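K.L.:
what shape does this take:
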Amino acid sequence: MPQVLITDLDLIAVKPQGSLIGFANFVVGQAFSVNGVAIHQRLNGEGIRLVYPSKRLNSGREITLLHPANSDTYQMLESVIFEKLKQLNIGGKYREYSHKESSPS
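P.N.:
The predicted structure follows:
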């Protein structure tokens, strides 16, 4: 996995809406702040998936504003956020999680 330093991880719990359980804000490499990453519990209850901020254009097309450049970085971020969720007990109980089984959605 890539050696990316993630600091200042802040999780914001929300009243569950469908699979949405919260949002994550964090700093990447002590240089880039990422805010508003939606945290969804997977429908099978095994782990989470992250949805990165996007913008809907006037044409109706939706574009992702930022996202991990590769699956290893996605999985690393997912794992860091998942562990923090478990520590804070946000989103209820989770089944055992293995990021090897998950992929970007």
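K.L.:
quick one: neighbours of the nearest residue to residue 38 once chain neighbours are set aside, just the number.
P.N.:
Spatial nearest neighbour of residue 38, chain neighbours left out: residue 51 (4.1 Å); criterion: CB to CB, 6 or more residues apart in numbering. Every C-beta, even on glycine, is put in place using the N, C-alpha and C of the backbone. Residues lying near residue 51 (other CB atoms under 10 Å) number 17.
K.L.:
does residue 51 touch residue 41 like I think?
P.N.:
No. If you go by CB atoms under 8 Å, residue 51 and residue 41 don't touch, sitting 11.9 Å apart.
K.L.:
list the buried ones in the longest strand seen in the chain?
P.N.:
Looking across the chain with DSSP state E, the single longest strand is strand 6-17. Buried positions in strand 6-17, judged by neighbour count with 16 or more other CB atoms under 10 Å: 6, 11.
K.L.:
mind giving me the packing neighbours of that strand?
P.N.:
Applying 3 or more CB pairs under 8 Å, 6 or more residues apart in numbering; DSSP states H and E, we find strand 6-17 packed against strand 20-28, strand 32-41, helix 71-88.
K.L.:
helices and strands around the last one, which ones?
P.N.:
When contacts are defined as 3+ CB pairs under 8 Å, 6+ apart, helix 71-88 sits against strand 6-17, strand 20-28, strand 32-41, strand 48-51.
K.L.:
and these: which comes nearest residue 64?
P.N.:
With CB to CB as the measure, strand 48-51 is the member of the helices and strands packed on helix 71-88 nearest residue 64 (9.1 Å).
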